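Chemist: From the sequence below, what's the structure:
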Amino acid sequence: MTGTFTGRVLTAGVVLKLVAWLGGMTGAWPAAFTALDTAGGLALLVGAVALGFRLYVATRHRLLWRVRRKLVLSYMLIGVVPGLLMALFFALAGLLFFLNVSSYVLRVHVASLVEAAQLLSGAQALEQASSSTALAGVLSRRQAAALSDYPRISFAIVPSEVCGGVPVTATVTAGPWSHLDAPQSIPAWVPCTGFTGLVTYEVGGRTQVVARAVGRPRGLGGALVVDIPIGEEQARKFHDEMGLTIERYSTADDLAEGADAMPALAVTRQAQVPDGPVNIRIRAPREPLGWVAILDYTNWKTGQKDTLTAGFRVGPTAVYRYLSGPSFQALNDLTFGQILLIVLAAVACMFLIIQTVAMVMGLSLVSSITGSVDQLFAGTERVRRGDFSHKIPIRSRDQLGELAGSFNSMTASIEDLLREKAEKERLEQELQIARNIQMSLLPQGPLRMPGVELAGHCEPAREVGGDYYDFLPLDDDRLGILIADVAGKGTSAALYMAELKGIVFSLSQLHASPRQLLIDANRIISKHLDSSSFITMTYVVVDTRARTITCARAGHCPLIYVPGPNAASRAAQTLVPDGMVLGLQVDTGDSFARLLEEITLPLGRGDLFLLYTDGISEAMNTSGDYFGDARLAELARQHADMASDELRERILREVHAFTGDAAQHDDMTMVLIKIGDL
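Modeler: Numbering: from 1, shown residues only. Reported below is the predicted structural model:
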């Protein structure tokens with residue numbers, strides 16, 4: 001009451017009124033208190049107007065927030081006048097209906113129910129439904145959609161393999177099926193094109209009628225049966241729409257048995273009415289005239305067609321007789337009633353066209369706009385909750401339809417991205433596991449050997465790589481050291497690397513000569529590599545007793561040798577013994593053995609040997625320059641006196657500083673051998 005303008009004005013008005021009332025009781029200054037009372041009344045009026053406006057705004061926002069309500073309200077306001085005119089027309093025309101027109105109208109309405117059953121039996125939506133659950137879902141949705149227009153409408157999928165398709169094992173139903181039991185089979189006389197018409201049945205000795213249609217879903221070994229019982233609700237609609245009351249249905253057999261077989265029961269609106277439009281009375285008194293309409297029906301068991309009479313009562317006709325008074329000679333002997341009929345027909349045509357156009361356009365616009373907006377809103381809400389699988393049905397080809405299509409494309413893209421993200425995470429986890437397994441194949445921890453200090457490093461460019469190094473103790477005085485590079489990167493190179501480890505480990509126990517080990521390794525592994533793959537490899541054997549190092553190189557990077565401090569020169573030397581790569585299937589291995597060279601060097605205290613892969617020497621910076629073998633050899637010479645672990649870290653720092661922000665394009669592996677006191 002004090003936090004808003006409206007509340008303050010209302011409070012001020014109440015206070016002024018109260019002061020004026022108390023002052024009036026004293027009798028002093030009547031003019032002043034009258035002015036206060038008037039001001040209080042004005043304040044209350046202003047506050048009431050402001051409050052009403054705020055309530056109107058709030059109510060409009062709450063009630064008309066949905067676009068559907070706005071359009072429906074506008075449509076109702078626009079259609080009030082045409083609706084009143086149409087109601088006036090039907091009220092006048094109802095007084096002038098005659099029996100033949102009533103019979104015709106009844107036949108048309110019954111035919112419309114038959115046509116509605118035929119349309120609803122369309123089986124396009126069942127083409128993709130193969131299971132009973134899917135069929136039941138489709139039938140339930142159809143039955144729910146048509147229930148408001150056709151009470152007690154019932155659907156059934158009945159097994160019928162006559163026309164081919166996926167067999168239906170059992171009857172699937174939707175709807176009450178209160179008029180009779182759902183059919184369990186389709187008579188043989190029903191063709192593959194289906195059936196549409198009226199079918200009769202009996203309840204309590206009285207004939208009942210149902211509009212039935214049988215459709216044949218494509219690719220399904222069954223028939224779709226749609227029943228629209230012409231029951232009490234339909235009879236009430238006939239009465240409301242046409243002004244007639246159906247009393248009974250009679251077949252030729254009923255007529256042959258006599259009138260006693262067809263008792264006319266007077267049923268009021270409150271009475272319990274058996275299912276079916278038999279002896280239904282909507283209101284009292286009864287309409288003055290009774291008539292019959294001839295309808296065609298089909299015997300469901302035999303397929304034989306026959307006629308059916310529908311007895312009904314209609315009125316009032318006395319008004320028509322009164323209006324059909326004396327004729328007018330000047331108007332070609334037309335009676336007044338006939339003139340009125342012509343005028344009414346013209347007016348009816350005009351308003352029927354206006355109402356039809358307005359109804360079709362209004363319903364189409366309301367359905368199109370509001371349906372699309374509601375679906376977009378619902379889809380947005382589901383997306384906001386994280387459901388990206390929801391799709392909006394596209395029912396129009398206008399801008400709203402395009403918007404719905406864009407929304408579906410957006411959600412599909414997001415869903416695909418989420419799926420790809422999940423798949424990528426899964427692959428990353430698997431590759432991480434593969435990386436851990438590959439790293440476990442490398443030497444774990446430092447290898448202790450008197451007089452020899454070793455350090456190794458392997459850094460794959462991807463999760464897994466093809467570089468490999470290993471330390472192979474041969475006996476107490478000899479140590480095999482291996483470094484290899486499988487052509488390529490990724491999973492295939494890692495698998496070849498794992499295979500190479502097993503081969504070299506086995507051969508190292510058999511051969512003391514690096515050259516002979518490489519020859520046998522080439523002979524074995526060349527049988528397993530594909531034609532586009534090969535392996536470069538350097539294998540050295542350090543013999544601490546003989547104080548020698550023996551080396552063989554199969555197309556691998558050079559071996560850098562920095563003599564110890566007791567040597568005459570400490571210049572870095574690049575050792576490049578001849579040899580071709582492993583795995584080339586050029587011959588039986590003779591070329592590989594002929595070209596392979598083995599060298600042996602004496603060892604001295606402080607000697608440094610550096611084995612590496614091309615990922616070190618060919619590390620590239622953002623300008624496209626390589627780190628290079630010369631820079632690596634000079635770096636090893638300058639820091640040859642460092643411990644092997646420290647020198648390894650120094651080399652890695654220099655390489656990373658050189659490449660900068662450039663991405664690593666190849667696996668980087670190196671092994672440092674530092675000779676101590678032997």
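
Chemist: Quick check: which ranges of the stretch 551-678 of the chain have low pLDDT?
Modeler: Within the stretch 551-678 of the chain, the set of residues satisfying pLDDT under 70 comprises 678.

Chemist: what about the helices in the stretch 501-650 of the chain?
Modeler: Taking DSSP state H, counting those that start in this stretch, the helices of the stretch 501-650 of the chain run over residues 514-525, 590-595, 614-617, 629-638, 644-659.

Chemist: Would you convert those helices into JSON lines that also reports distance to residue 385 and mean neighbour count?
Modeler: (Glycine included, C-beta is placed from N, CA and C.) JSON lines is the format used below for the helices of the stretch 501-650 of the chain (distance: least, CB to CB, whole Å; neighbours: other CB atoms under 10 Å):
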{"stretch": "helix 514-525", "distance to residue 385": "56", "mean neighbour count": "21"}
{"stretch": "helix 590-595", "distance to residue 385": "65", "mean neighbour count": "14"}
{"stretch": "helix 614-617", "distance to residue 385": "48", "mean neighbour count": "22"}
{"stretch": "helix 629-638", "distance to residue 385": "58", "mean neighbour count": "17"}
{"stretch": "helix 644-659", "distance to residue 385": "46", "mean neighbour count": "16"}
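
Chemist: Including distance to residue 374, could those go into JSON lines?
Modeler: Shown next, in JSON lines, are the helices of the stretch 501-650 of the chain (distance: least, CB to CB, whole Å):
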{"stretch": "helix 514-525", "distance to residue 374": "67"}
{"stretch": "helix 590-595", "distance to residue 374": "76"}
{"stretch": "helix 614-617", "distance to residue 374": "60"}
{"stretch": "helix 629-638", "distance to residue 374": "70"}
{"stretch": "helix 644-659", "distance to residue 374": "58"}
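
Chemist: For residue 12, which of those is the nearest?
Modeler: Closest to residue 12 of those is helix 644-659 (CB to CB; 78.7 Å).

Chemist: Which is the succeeding secondary structure element to the closest one?
Modeler: Proceeding C-terminally, helix 644-659 gives way to strand 668-675 as the next helix or strand, assigned by DSSP states H and E.

Chemist: Given that next one, what are its sheet partners and their directions?
Modeler: Paired neighbours of strand 668-675 in the sheet (DSSP bridges): strand 452-459 (antiparallel), strand 608-612 (antiparallel).

Chemist: now for whichever helix or strand comes after the first one, which elements pack on it?
Modeler: Reading on from strand 452-459 to the C-terminus, the next helix or strand found by DSSP H and E is strand 467-473. Contact here means 3 or more CB pairs under 8 Å, 6 or more residues apart in numbering; DSSP states H and E; on that basis strand 467-473 packs against strand 452-459, strand 478-486, helix 491-508, strand 668-675.

Chemist: Which parts of the chain belong to which domain?
Modeler: 5-63, 99-316, 442-675 (automatic domain parsing).

Chemist: on that earlier part again, weakest of the helices and strands packed on strand 467-473 by average pLDDT?
Modeler: Confidence, taken as mean pLDDT, is least for helix 491-508 of the helices and strands packed on strand 467-473 (a mean of 82).

Chemist: Tell me the buried residues in that helix?
Modeler: 491-497, 499-501, 503-504, 507-508 (16 or more other CB atoms under 10 Å).

Chemist: Neighbours of residue 622, how many?
Modeler: 10 (other CB atoms under 10 Å).

Chemist: just checking, it touches residue 658?
Modeler: No. Between residue 622 and residue 658 there is no contact under CB atoms under 8 Å: 10.3 Å.

Chemist: tell me the pLDDT at the residue nearest the centre of the chain?
Modeler: A centroid search over the chain (CA atoms, centre = their mean) returns residue 389, at 2.6 Å, as the residue closest to the centre. Looking at residue 389, its pLDDT is 74.

Chemist: do you know how far the residue nearest to it when sequence neighbours are not counted is from residue 377?
Modeler: Sequence neighbours aside, residue 415 is the residue nearest to residue 389 in space, at 6.1 Å (criterion: CB to CB, 6 or more residues apart in numbering). Applying CB to CB, to the nearest Å, one obtains 20 Å for the distance of residue 415 from residue 377.

Chemist: Among those two, which residue is more densely surrounded?
Modeler: residue 415 (16 against 12).

Chemist: Double-check that residue 21 belongs to a strand.
Modeler: No. Under DSSP: H, G, I helix; E, B strand; the rest coil, residue 21 falls outside any strand and is assigned helix.

Chemist: so the closest residue to it other than its chain neighbours, which of the three states?
Modeler: Setting aside the residues directly before and after it, residue 21 is nearest to residue 37 in space (CB to CB, 6+ apart), at 7.5 Å. At residue 37, secondary structure determined by three-state DSSP is helix.

Chemist: List the contacts of residue 37.
Modeler: 16, 17, 20, 21, 24 (CB atoms under 8 Å, 6 or more residues apart in numbering).

Chemist: The residues you listed, buried ones only, as a ChimeraX selection?
Modeler: In ChimeraX syntax, the buried subset of the contacts of residue 37 is picked out as below (16+ other CB under 10 Å):
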select :16,17,20
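
Chemist: I'd like the contacts of residue 37 written out as TSV, with distance to residue 411 added.
Modeler: Listed next are the contacts of residue 37 as TSV, based on distance: CB to CB, whole Å:
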residue	distance to residue 411
16	61
17	61
20	66
21	66
24	71
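
Chemist: Among the contacts of residue 37, which has the minimum pLDDT value?
Modeler: residue 24 (77).

Chemist: secondary structure element for it?
Modeler: Residue 24 belongs to helix 5-26 when assigned by DSSP H and E.

Chemist: List the buried residues in that helix.
Modeler: For helix 5-26, by 16+ other CB under 10 Å, it's 6, 9, 10, 12, 13, 16, 17, 20, 23.

Chemist: Who are the packing partners of the strand or helix carrying residue 413?
Modeler: Following DSSP H and E, one finds residue 413 within helix 399-441. Under the contact criterion of 3+ CB pairs under 8 Å, 6+ apart, helix 399-441 touches helix 371-384, helix 491-508.

Chemist: The shortest one versus helix 399-441: what angle between them?
Modeler: If you take axes from the mean of the first three to the mean of the last three CA atoms, to 10 degrees, helix 371-384 sits at 20 degrees to helix 399-441.

Chemist: Kindly report the same for the longest one.
Modeler: Put simply, helix 491-508 runs at 10 degrees to helix 399-441, going by the same axes, to 10 degrees.

Chemist: that older thread, the residue nearest to the centre of the chain looks like it's in a strand, true?
Modeler: No. Assessed with three-state DSSP, residue 389 is coil; it does not lie in a strand.

Chemist: For it, grab phi and psi.
Modeler: Here is the backbone geometry of residue 389 (degrees, to the nearest 10): phi -90, psi -10.

Chemist: from memory it sits against residue 414, does it?
Modeler: No. Residue 389 is beyond contact range of residue 414, at 10.0 Å (criterion: CB under 8 Å).
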